[in-house]
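In: sequence first, then the predicted structure:
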Amino acid sequence: MAIPILITGCGVVSAIGRNKAETLDALLNNRSGVGPLVYLKTEHKEFPVGEVKMSDEEMRKHLNINDKAITTRTALMGMMALDEALKDACLTPDMLPEVGFISGTTVGGMDMSEQFYLDYVNNEKHKEYIAVHDCGSCSEMTAEHFGSFAFITTLSTACSSAANAIILGANMLRRGEANIVVVGGSECITKFHLNGFNSLMILDTKPCRPFDATRAGLNLGEGAAYLVLETEESAKRRGVKAQAILSGYGNACDAFHQTASSPDGEGAYRAMKEALELADIQPDEIDYINAHGTGTPNNDLSESHAVMRLFGDNIPPMSSTKPFTGHTTSASGSIEAVFCILALQHGFVPANLNWSQPMDDGIAPVYQSVKKELKHVLCNAFGFGGNDSSLLISRVAEPVSEPVKGGEGIVPSISASTSPATIYVLSAQQISIQQPLCEDWMTKPVEYQTSFNRSIDPSFKEYVSPIEARRMGKILKRALATSKEAIKASGLESIDAIITGTGYGCIENTEVFLNALSKEGEQMLSPTSFMQSTHNTISSLVAIQLKNHGYNVTYAHKGISFDSAVQDAMLQMQLGKINSALVGGHDEMTETFYNILKKGSVMGQDEEMCGEAAMSVVLSTEKRDSLCKLVNFKMLHKPSMDTLKAVAKDFQADYVLTGISGNHKSDEAYLNECKDLFGNSILLKYKHLFGESFTSSGIGMYVAAHCLKAGNIPAHLFVNKDETKGKKPHKILIFNHTDGNNYSLTLLEA
Amino acid sequence: MDELIYKLKQQIIEALNLEDMKPEDIDDNASLFGEGLGLDSIDALELIVMMEKNYGIKLQDPAQGKEIFKSVAVMADFIAKNRTK
C-alpha cells in the first residue's frame, strides 16, 4: 500500500450504545440490543429489532436541535456519531473547510416520506419534509450541523454503503485529494424497508442466529458510525494518534442476482482477496473476521463458502455481531468497522451470540467473547445486487509517530486535482424524451417538453428479453440500453468497473411501494417493487447483465451524483486499479413524484423540466478512437466566491457548457455567476433540449464530448446567438451548479 | 379445474408482469422455475403474495413454494384444496 491510512477518530451509535464506551461495554459483556419494537410505528410487532434506544425528540435534545428544525432520524443518528468522531479526532469546526465528508445511506429521509406520503400527494401539510427525502440531503444535514466541509458526497450501495464510503475516502487520501476525510454511514429503521424485507421473507420472528443450522432470517437494526481517515503527515502535524490503520480494502460485484448471493460467494471472495492483496497480507495473518453474517440461510452459506475458498483449512476466528445490533443495513460497514477497531484496541473477539448448532457446509463462529491479541482483522459488508466490500483494519504496532504537542494545525491541502494518467472518453450515449439514442440533436434540435408518456423510449427488446424485462422499470431499461450502446461504441471487450450516479434512484418502484404501504397497509406487499427501489439496483443490474465482477458502486447525492461517479472512476484510474469504467447518470420521474418535488420546491419550478436523464460513458486510459480527453475535475460544497474563483482559474476553457435552460427563473443569476467566473469563455446551454434532472451534468458530458469529436458546436447551443461563429472547440468546461449547495467542474479537451 | 387453470395463468402473467405472454403460451405441466419459464426466487415470492390476495392462502415458509409452484397444474390443485376465498 502506497501510504498508510490512519484512523484518528471514530464515533458510533447503535442498539448497544450511544457512543464507543457503551458499545465496548456491551460487546465485552455479551449484551444484545435486539428486542421488541418500541420507536417505529408499525403493525409488525412480531419482529425483534435493534433500535437505538432514543426517540427522535431525545436525540434532538441531546444534540441541541430545536423542535421546529427539519430533520430525519437517519440524520439525527448520523449527527450523534459524527459528533463523537470529530471530538475523538480533535477536529473543530474551523478545520472542517479542509475536510471531506462521505456518507452512505439508502433510506435517507424515508422515515418522514412514509409518514407523510399521502399528505405530499393530496395537500400542503408537511411539505417542508419533501426536500429531505433523498440520500444526499440526509448527508448534508448531518454534516452541516457541525460546520462547512470541503466537499460532501453520498454512496448508496444498500448494505455495503458505509464500507464503500470508507473505501472512497481512503482512495482520496492515497491520491492526495485530501488529508482528512470523515467517512461512514447512517440508517434508521423504516416501515418501508421493514415491510420490504418482510415481503422478501428474510426477517426472523426470533432473535437472529447467524451461521446456526436453525437460522431463519435477519433482525433489522439501525445506527450510524463515522471514522476519521487521515494521512500520516497530517496526523503528525496535528499531533493526533492513530487508533488503528486501514491497511486494505476491496470491492467486487457478485453479479449473480438482485437479492441473493451466489452459492460460491464469488463477490465476497474477490472483495476479501483484494483487501488482503492491497495490504500485502497473507490469509494466515488475519486474526479475526467480522462477518457480514446476516442470519439469512442464503447469506451465511454463501459467505462461508467465500471464506473457505480464501482461507482453506485455516479459517480465522469469525463472528457476526448482528445478534448484538440487528442488521444496521447501510450503516453496518462503518458500525462494524468501529467494533473491529475496539476489538483491536482491547484485544478481544466479539461473540456470535445466539449460536448453538453448526450449519451444514458452513463455518462455525466464535460464540463466546474471547480475549485475544489481534493484529489484522477483516470486516465484511455485502449489499443487495452483490455490492460486496471488505475492509482490512490493523492494530497500530508502535506509535506511528510521537504526537507533537501543540501541532502546527491542519494542512491546507485539498488542491485542484490533476491527473498523471490521461483519461479518454471513448463513447457516450443517452436517451431522453425528445432525443432518443442518436446524435440527431446536433442537426435537428427539438425543444424539450415535459412528458411522462414513455412511448418515445425504444422498445428495448434489442437490449433485454421480455422475461428479463418483467421487473424492470423505465430507469433500468434505459440504463441497460445506454450502457450496452456505450460499451459497443467504445470498442472495448470488457470493462473494469461500473459506477453509477442517481439523484433519486428508482422512483417508479419507490412510488408503487409507498403507495401500497400508505393505502393498503402493511400486508401483502410486492417484493419486486421493494427490491427494485434501491438506488444500487441500476449498477448491479448492469453488472448482472454483463457478468461483470469488477468495482461497482452507486452515488446518490443530488445534482452531483453523476459527478461523484466520474470522480471515483478517475481516482480508480489514477491509482492504477482500473483501466476502464462504465459511468452512468440515471434518473427517472413519475408524474406523482414530479408534483411532490415541485410542492417541496426541490425541482420543477419551471414547467419544462421533468427530471429524467439516462446516459452512459465509457472512460478509459487507452486512447483508441476516443471522443475526447477528460483532463480535470473538481467538486465543491458551498465554496466561498474566492475559493470558487481560485478553482475556476484551473479550468479555463474556450467554451463553458452551463446549466442554463433558456426559460429558467434562476437563469439570470446563473448567467452572471458564469460571466464572473469565466469571463473569456463562450457560454453554451443544453437543457433546453435535454431537460433538467439531478444527473443532467451527465448529459452535459455527453453533449460536450460529441461536440469536441465533431469539432463543431451547433448554433442552437449558444447562449448568445451573436457568438455562433465561434472557433472550433478545443476545451469545453461543464460547469454544474444545480442544487444551490454543490458545484462540479469537468474539463474536456479535444 | 380448467377454468381455474386458465384464470391462474392470467393471474401469474399479471403478477409477474410477463410482457408479451398469453395464457396459451404456458403449458399446464411445464416447470415454472428453472428450465421452463425461467422464473426465480423473487417470482416465487410474488406468487405467494398473489395466492394470498386472490385465494386467501398464506404460506409461512418460502421453501413450501418449491413443491407448490412446480407447474400451473400442481399449483391449481393446491389452490383448489386450500383456498379460503
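Out: Done, it's in.
In: pLDDT value on residue 28, please?
Out: All of this is about chain A. Note on residue A:28: pLDDT of 97.
In: hmm, no, I was thinking of chain B.
Out: Residue B:28 is assigned a predicted lDDT (pLDDT) of 92.
In: next SSE after the helix-or-strand element of chain B with minimal mean pLDDT?
Out: Least confident helix or strand, chain B: helix B:65-68 with a mean of 88, by mean pLDDT, DSSP states H and E. For helix B:65-68, the following helix or strand on the C-terminal side (DSSP states H and E) is helix B:72-82.
In: show me where chain B has its helices.
Out: Using DSSP state H, the helices of chain B run over B:2-15, B:41-55, B:65-68, B:72-82.
In: for the first one, packing partners?
Out: This points to helix B:2-15. Judged by 3 or more Cβ pairs under 8 Å, 6 or more residues apart in numbering or on different chains; DSSP states H and E, the packing partners of helix B:2-15 are helix B:41-55, helix B:72-82. From N, CA and C alone the C-beta is placed, and that goes for glycine too.
In: what's the angle between that helix and helix B:72-82?
Out: Interaxial angle of helix B:2-15 relative to helix B:72-82 (axes from the mean of the first three to the mean of the last three Cα atoms, to 10 degrees): 110 degrees.
In: also the longest one?
Out: Going by the same axes, to 10 degrees, helix B:41-55 is angled at 40 degrees with respect to helix B:72-82.
In: tell me how far the residue of the stretch 501-650 of chain A found nearest chain B lies from residue A:561.
Out: Distances between the stretch 501-650 of chain A and chain B by Cβ to the nearest Cβ are smallest at residue A:527, namely 4.3 Å. With the distance defined as Cβ to Cβ, to the nearest Å, residue A:527 ends up 26 Å from residue A:561.
In: so which of these two has more stuff around it?
Out: It is residue A:561, of residue A:527 and residue A:561, that has more neighbours when counted by other Cβ atoms under 10 Å in any protein chain shown, with 33 against 26.
In: pretty sure that one contacts residue A:505?
Out: No. In this structure, residue A:561 is not within contact of residue A:505 by Cβ atoms under 8 Å, at 9.3 Å.
In: now for these two: what residues contact both?
Out: Listed contacts common to residue A:561 and residue A:505 are residue A:587; contacts here mean Cβ atoms under 8 Å, 6 or more residues apart in numbering or on different chains.
In: show me where the chain dips below the pLDDT cut-off.
Out: I went with chain A, as the question did not name one. Within chain A, the set of residues satisfying pLDDT under 70 comprises A:1-2, A:398-420, A:433-434, A:450-458, A:604-609, A:662-664, A:726.
In: at the geometric centre of chain A, which residue sits there?
Out: For chain A, the residue nearest the mean C-alpha position is residue A:155 (0.9 Å; Cα atoms, centre = their mean).
In: what's opposite that residue in the beta bridge?
Out: Using DSSP bridges, the bridge partners assigned to residue A:155 are residue A:104, residue A:555.
In: so it touches residue A:165, yeah?
Out: Yes. Checked against Cβ under 8 Å, the pair residue A:155 and residue A:165 is within contact range at 4.8 Å.
In: so what sits against both of these two?
Out: A:102-104, A:185.
In: export these as TSV, with columns for neighbour count.
Out: Compiled in TSV, the shared contacts of residue A:155 and residue A:165 are given as follows (neighbours: other Cβ atoms under 10 Å in any protein chain shown):
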residue	neighbour count
A:102	31
A:103	34
A:104	36
A:185	38
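In: between those, which is nearest chain B?
Out: Distance to chain B, by Cβ to the nearest Cβ, is smallest for residue A:104 among these, at 24.6 Å.
In: doesn't residue A:169 make contact with the closest one?
Out: No. Checked against Cβ under 8 Å, the pair residue A:104 and residue A:169 is beyond contact range at 10.7 Å.
In: tell me how far residue A:168 lies from chain B.
Out: Distance, residue A:168 to chain B, by Cβ to the nearest Cβ, to the nearest Å: 30 Å.
In: my guess is that residue contacts residue A:101. True?
Out: No. Applying Cβ under 8 Å, one finds residue A:168 not in contact with residue A:101, separated by 11.2 Å.
In: what touches both of these two?
Out: With Cβ under 8 Å, 6+ apart as the test, residue A:168 and residue A:101 both reach A:153, A:183.
In: mind listing what's buried in the least confident helix or strand of chain B?
Out: Using 16 or more other Cβ atoms under 10 Å in any protein chain shown as the test for burial, helix B:65-68 gives B:65, B:68.
In: and stretch A:225-237, by the same measure?
Out: For stretch A:225-237, the neighbour count (16+ other Cβ under 10 Å) marks A:225-232, A:234-237 as buried.
In: residue A:168 and residue A:101: which is more packed in?
Out: residue A:101 (27 against 24).
In: what sits against the more buried one?
Out: Each residue near residue A:101 by Cβ under 8 Å, 6+ apart is listed here: A:139, A:142-143, A:149, A:151-153, A:181-183.
In: out of the residues you listed, which is most surrounded?
Out: residue A:183 (33 neighbours).
In: what sits against it?
Out: Contacts for residue A:183 (Cβ under 8 Å, 6+ apart) come out as A:101-103, A:162, A:165-166, A:168-170, A:226-227, A:229, A:334.
In: can you rerun that using 6 Å?
Out: Shown in contact with residue A:183 (Cβ atoms under 6 Å, 6 or more residues apart in numbering or on different chains): A:102, A:165-166, A:169, A:227, A:229.
In: can I get these in TSV including distance to residue B:58 and secondary structure?
Out: As requested, those are exported to TSV (distance: Cβ to Cβ, whole Å; DSSP: H, G, I helix; E, B strand; the rest coil):
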residue	distance to residue B:58	secondary structure
A:102	44	strand
A:165	40	helix
A:166	42	helix
A:169	46	helix
A:227	44	strand
A:229	49	strand
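In: I'd say residue A:602 and residue A:131 touch.
Out: Yes. Between residue A:602 and residue A:131 there is a contact under Cβ atoms under 6 Å: 5.3 Å.
In: of those two, who's got more company?
Out: The neighbour comparison of residue A:602 against residue A:131 (other Cβ under 10 Å) goes to residue A:602, with 23 against 16.
In: what residues are up against the more buried one?
Out: Taking Cβ under 6 Å, 6+ apart as the test, what residue A:602 contacts is residue A:131.
In: am I right that it sits in a strand?
Out: No. Read with DSSP: H, G, I helix; E, B strand; the rest coil, residue A:602 is coil and lies in no strand.
In: what's the spacing between it and residue A:47?
Out: Counting by Cβ to Cβ, the gap from residue A:602 to residue A:47 is 33 Å.
In: check residue A:218 too.
Out: 10 Å.
In: quick one, which of these two is more surrounded?
Out: Shown here are residue A:218 and residue A:47; by other Cβ under 10 Å, residue A:218 has more neighbours (26 against 21).
In: tally of neighbours for the residue nearest to residue A:542 when sequence neighbours are not counted?
Out: Nearest non-adjacent residue to residue A:542, counting by Cβ to Cβ, 6 or more residues apart in numbering or on different chains: residue A:483, 5.0 Å away. Close neighbours of residue A:483, defined as other Cβ under 10 Å, add up to 31.
In: ok, residue A:725 next?
Out: Neighbour count of residue A:725, defined by other Cβ under 10 Å: 7.
In: sorry, back to before: can you redo the buried residues of stretch A:225-237 as TSV with distance to chain B and secondary structure?
Out: Formatted as TSV, the buried residues of stretch A:225-237 follow (distance: Cβ to the nearest Cβ, whole Å; DSSP: H, G, I helix; E, B strand; the rest coil):
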residue	distance to chain B	secondary structure
A:225	31	strand
A:226	34	strand
A:227	35	strand
A:228	40	strand
A:229	37	strand
A:230	43	strand
A:231	44	strand
A:232	47	helix
A:234	47	helix
A:235	47	helix
A:236	52	helix
A:237	52	helix
